[in-house]
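Colleague: build me a structure from this.
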Amino acid sequence: MLSLQKFNFSMLRIVLLLSPIYVTLFWSIALTGNEKKNSAPQLFLSKFMLLPAVCFAALFLYFAPFHSIYPYFNCVLQYAASLALPVYYIYFRLLTIDNKFSIKAHARYLAVPFILATTFSVGAFLTPVNEFTTWLFDKNAFPDSPYIQFLSIIRNLLRILFLIQLVATLIGNQLLIKKYGLKAEQFYSDMEDENYKNARMLNYCIMSISVVSFIALALYHELLITKDTMLYIICSFSSVMLYFLGYIGLKQKPINPAFESGNNNDIQSQLEIIPVGSRKKILDKMLILFEEDKIYLNSQLNIMDIVHAVGTNRTYISSIINQQYNQNFCSFVNRYRLEELEKVLFENPDFTNEVLAECCGFGSLNSLKRAVLTKTGLSIPEWKRQILVNKKIG
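Modeller: Numbering: from 1, shown residues only. Next up is the predicted model:
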């Protein structure tokens, strides 16, 4: 009976240790399942998932325990752990401002952790095997060895770097969401606040995993907690958070893909390059699309659809709308949708809000509510009552 109970605890330990590895590998495969359908940030997130997979594989080897294998894996762990947060920040840049990943553009975020991890690896290679292996499982072993002293310094630097990365990534990601999330309406006509919430959840998920892992592992000896309990908490919590990380990443739209970061003066100067006659032709073509073709009834409409239909570029379309109507693209589209909404409501006052949203080109009921509130300051029921009262008076 005792041996069976011990076997059950052992199996539970193995399952919990492996669970975050299974989750990360699942999302790594799922997010690359359809490269034509998935966005560049989602494809990059699939590559990122391999880094926590390596970290938790190292945790598994350490605590399973496979002490004869772990030393060979430790240097790989240093690379994965030190690069994880910078790579996640790059993922947020792809969500908000960058078109694609490139070594040239993003190397500055990876250079310092890569150099430190490489320095640790070189030190580990030069350290006698017995000293290095013993030190990995006993931080007080060989205190007089110059190799171990060197590795201890580098490992402490890596931990300090991790804390700096943690704070910098949290702040950097939030700033990206705040700065470029507000400009997303220039690209998506049906952008909803929910997408910003998803982006924030992506940020909080990875931060919570990082904080729990760092506290539990770096300060393990100071924690008043048993080893098994610590492992159960880390693995269970991380598995849940990593699952949500992948799930939210799968459904999260880029907040502002292909964002052009020119200022207003740059846009205006580019707009002035177009002759007035050509500017009028662009506007006339655009109005035909909206007033005759009713392109706004497409709930997935974005500014690039107009660009391709008119035969110009996004800067000109956005600037002409701003100059002519003092609106951004989202407001311009929703103006037509709200006019259509009034017509449909007059003719079909019994339609549900969901049907009205679908008929008038809104991506969802939330998108309809948001457009009405932004335009009128009223809720849907208040707005409908006002419209129907005005119809009776008229």
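
Colleague: how about low-confidence regions in the chain?
Modeller: Along the chain, the model assigns pLDDT under 70 to residues 1-9, 34-37, 182-188, 190-195, 216-227, 256-276, 391-394.

Colleague: any idea which helix is longest in it?
Modeller: Using DSSP state H, we find that the single longest helix of the chain is helix 146-181.

Colleague: and the helix or strand following it, what does it pack onto?
Modeller: Remark: after helix 146-181, the chain's next helix or strand is helix 193-218, criterion DSSP states H and E. Contact partners of helix 193-218 among helices and strands, from 3 or more C-beta pairs under 8 Å, 6 or more residues apart in numbering; DSSP states H and E: helix 50-63, helix 70-96, helix 146-181, helix 227-251, helix 365-376. C-beta coordinates here come from the backbone N, C-alpha and C atoms, glycine included.

Colleague: tell me which of the ones you listed lies nearest to residue 293.
Modeller: helix 365-376 (20.4 Å; C-beta to C-beta).

Colleague: phi, psi for residue 302 please.
Modeller: phi -140, psi 170 (degrees, to the nearest 10).

Colleague: and it, what are its bridge partners?
Modeller: Beta bridges link residue 302 to residue 188, judged by DSSP bridges.

Colleague: you'd agree it is up against residue 189?
Modeller: Yes. Between residue 302 and residue 189 a contact is recorded at 5.9 Å, counting by C-beta atoms under 8 Å.

Colleague: out of these two, which sits in the more crowded spot?
Modeller: More neighbours surround residue 189 than the other of residue 302 and residue 189, with 29 against 19 (other C-beta atoms under 10 Å).

Colleague: contact partners for the more buried one?
Modeller: With contact set as C-beta atoms under 8 Å, 6 or more residues apart in numbering, residue 189 has these partners: 296, 301-303, 329-330, 333-334.

Colleague: from residue 305, how far out is it?
Modeller: 9 Å (C-beta to C-beta, to the nearest Å).

Colleague: repeat for residue 158
Modeller: Going from residue 158 to residue 305 by C-beta to C-beta gives 48 Å.

Colleague: one more: residue 369?
Modeller: On the measure of C-beta to C-beta, residue 369 and residue 305 end up 24 Å apart.

Colleague: who's more crowded, those two?
Modeller: Ranked by neighbour count (other C-beta under 10 Å), residue 369 and residue 305 place residue 369 first, with 17 against 14.

Colleague: count of neighbours near the closest residue to the more buried one other than its chain neighbours?
Modeller: Of all residues not flanking residue 369 in the chain, residue 380 sits nearest, at 5.7 Å (C-beta to C-beta, 6 or more residues apart in numbering). Applying the criterion other C-beta under 10 Å, we find 16 residues in the vicinity of residue 380.

Colleague: residue 380 and residue 371 touch, don't they?
Modeller: No. Using C-beta under 8 Å as the test, residue 380 is too far from residue 371 to be in contact (10.1 Å).

Colleague: hey, what's in contact with both of these two?
Modeller: In contact with both residue 380 and residue 371: no residue, using C-beta under 8 Å, 6+ apart.

Colleague: I figured residue 344 hits residue 357, correct?
Modeller: No. Between residue 344 and residue 357 there is no contact under C-beta under 8 Å: 10.2 Å.

Colleague: tell me which of those two has more neighbours.
Modeller: Taking other C-beta under 10 Å, residue 344 and residue 357 do not tie; residue 357 has more neighbours (24 against 15).

Colleague: make a markdown table out of the contacts of residue 189 and add distance to residue 32.
Modeller: Below are the contacts of residue 189 laid out as a markdown table (distance: C-beta to C-beta, whole Å):
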| residue | distance to residue 32 |
| --- | --- |
| 296 | 34 |
| 301 | 28 |
| 302 | 24 |
| 303 | 28 |
| 329 | 31 |
| 330 | 31 |
| 333 | 33 |
| 334 | 35 |
